[in-house]
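J.: Compute the structure for the input listed below.
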Amino acid sequence: MITSEGPLRVQIASVVFQNPIILAAGTAGYGRELADIVDLDALGGFVTKAVSPEPRPGNAALRVADFAGGMINAVGLANPGVEHVRDEVIPWLAAHHTATRKIVNVVGRTTDDFITVIQTLEEALGVGPIAQSEAVSGYELNVSCPNVKAGGLEFGADPKALATVVRDARAATRRPIFVKLSPTLPDIAAMAQVAEEHGADVISLVNTLPGLVVDLERRKPSLSFGSGGVSGPGLLPVGVLATWRVRQAVRIPLMGIGGVASAEDALQYIMAGATLVGVGTTAMKDPRRPERIVAGLARWCDREGVRNVEELVGALEWTA
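T.: A predicted model of the protein is given here:
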């Protein structure tokens, strides 16, 4: 149990994080995969890989490729399905890294898919041992998924669909609901307001940017799927701007994600308005980088006389 009142402690709804650094979805597996590689106990938390009602094989290899500005991926939300996560992952999460908060990333092709995942996991969390009930601290809704009932339009780009999935998710659990939005939305602040109005506790900003990397020798896309999601250093200013814009529009906390490779990068998100900061691509390249970011944040706060990092949330002095 976290009791520290140290400079990096932050709180979202009723959940206390020992520090604001979170491993972003898709980079931490379900925790067990990184347990011997990343010091999970040093972090505030992690977001799991996607979970859908049914197993998904994902896209054919090659799924991930590096390029000069970062990384591009088209994994296709591959996952073993919610029943496997319920039976195999939840007990492990309950028994390991108890000071590290775990957020489950949820995906679906329909609104009902999101709710099926949450209800299935809530039932398991409610009937297991007391420790198991604390295995999951919240759910992150990946509303960048295409809604098959709306012709493939992303849930996060359709106010009615977004309102429905957030409202129904809110009714299915008392745990915090994170809503992850795409940087390509025409008005990301307006969609964040929709999520807030219908029960979201946190807005996650941002998902990857769509892109294409060409293999010049083969004269084909580097990824088998073709296009993919771009992450890495180039996404940092995009995510920071989105965070600042959404901070002006909503009152609920934010998690800034994209391009973070240092304590200074994390502080940009925090000053733009984020309470939590997700680390993704850099952790895949250097698994010890996230804990060094935590240490760097602590040093910065000590040097600048900051008693708690939450003092810096939204401290950016700028009026556009």
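J.: C-alpha only now, for contacts and for neighbours.
T.: Fine.
J.: Scan the helices and strands of this structure for the one with the lowest mean pLDDT.
T.: helix 130-133 (a mean of 69; mean pLDDT, DSSP states H and E).
J.: So which elements touch whichever helix or strand comes after it?
T.: As assigned by DSSP states H and E, the chain's next helix or strand after helix 130-133 is strand 138-142. If you count contacts as 3 or more CA pairs under 8 Å, 6 or more residues apart in numbering; DSSP states H and E, strand 138-142 packs onto strand 101-106, strand 177-181.
J.: Same list (the ones you listed) but as JSON lines, adding mean neighbour count.
T.: Shown next, in JSON lines, are these (neighbours: other CA atoms under 10 Å):
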{"stretch": "strand 101-106", "mean neighbour count": "26"}
{"stretch": "strand 177-181", "mean neighbour count": "27"}
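J.: For my notes, please list the ones you listed in a markdown table and give distance to Gly232 and mean pLDDT for each entry.
T.: What follows is the helices and strands packed on strand 138-142, written out as a markdown table (distance: least, CA to CA, whole Å; pLDDT from 0 to 100):
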| stretch | distance to Gly232 | mean pLDDT |
| --- | --- | --- |
| strand 101-106 | 20 | 98 |
| strand 177-181 | 17 | 98 |
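J.: quick one: which of these is nearest Arg245?
T.: Distance to Arg245, taken as CA to CA, is lowest for strand 177-181 among the helices and strands packed on strand 138-142, at 12.7 Å.
J.: what pairs with that closest one, and is each one parallel or antiparallel?
T.: Looking at strand 177-181 with DSSP bridges, its partner strands are strand 138-142 (parallel), strand 202-205 (parallel).
J.: Rounded mean pLDDT for the shortest one, please.
T.: If I follow you right, that is strand 202-205. Confidence over strand 202-205 (mean pLDDT, whole number) is 98.
J.: Could you pull out the buried residues of the following helix or strand past that strand?
T.: Per DSSP H and E, the first helix or strand lying C-terminal to strand 202-205 is strand 209-211. Using 16 or more other CA atoms under 10 Å as the test for burial, strand 209-211 gives Leu209, Pro210.
J.: Could you do stretch 299-317 as well?
T.: Buried, per 16+ other CA under 10 Å, within stretch 299-317: Trp300, Cys301, Val306, Asn308, Val309, Glu310, Leu312, Val313, Gly314.
J.: Please save the CA atoms from it in CSV.
T.: Extracted in CSV, the C-alpha atoms of stretch 299-317 (Å, rounded to 0.1, in the frame of the first residue of the first chain):
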residue,chain,number,x,y,z
ARG,A,299,16.1,15.4,-8.9
TRP,A,300,14.4,18.2,-10.8
CYS,A,301,11.8,18.7,-8.1
ASP,A,302,14.4,18.8,-5.4
ARG,A,303,16.6,21.2,-7.3
GLU,A,304,13.7,23.6,-8.0
GLY,A,305,12.2,23.3,-4.5
VAL,A,306,9.0,21.7,-5.7
ARG,A,307,7.3,19.9,-2.8
ASN,A,308,5.0,17.8,-5.0
VAL,A,309,4.9,17.4,-8.7
GLU,A,310,1.2,18.1,-8.8
GLU,A,311,2.1,21.8,-8.2
LEU,A,312,3.4,21.8,-11.7
VAL,A,313,0.3,20.4,-13.4
GLY,A,314,-0.9,23.1,-15.9
ALA,A,315,1.9,25.5,-14.8
LEU,A,316,2.6,26.5,-18.4
GLU,A,317,2.2,30.2,-18.8
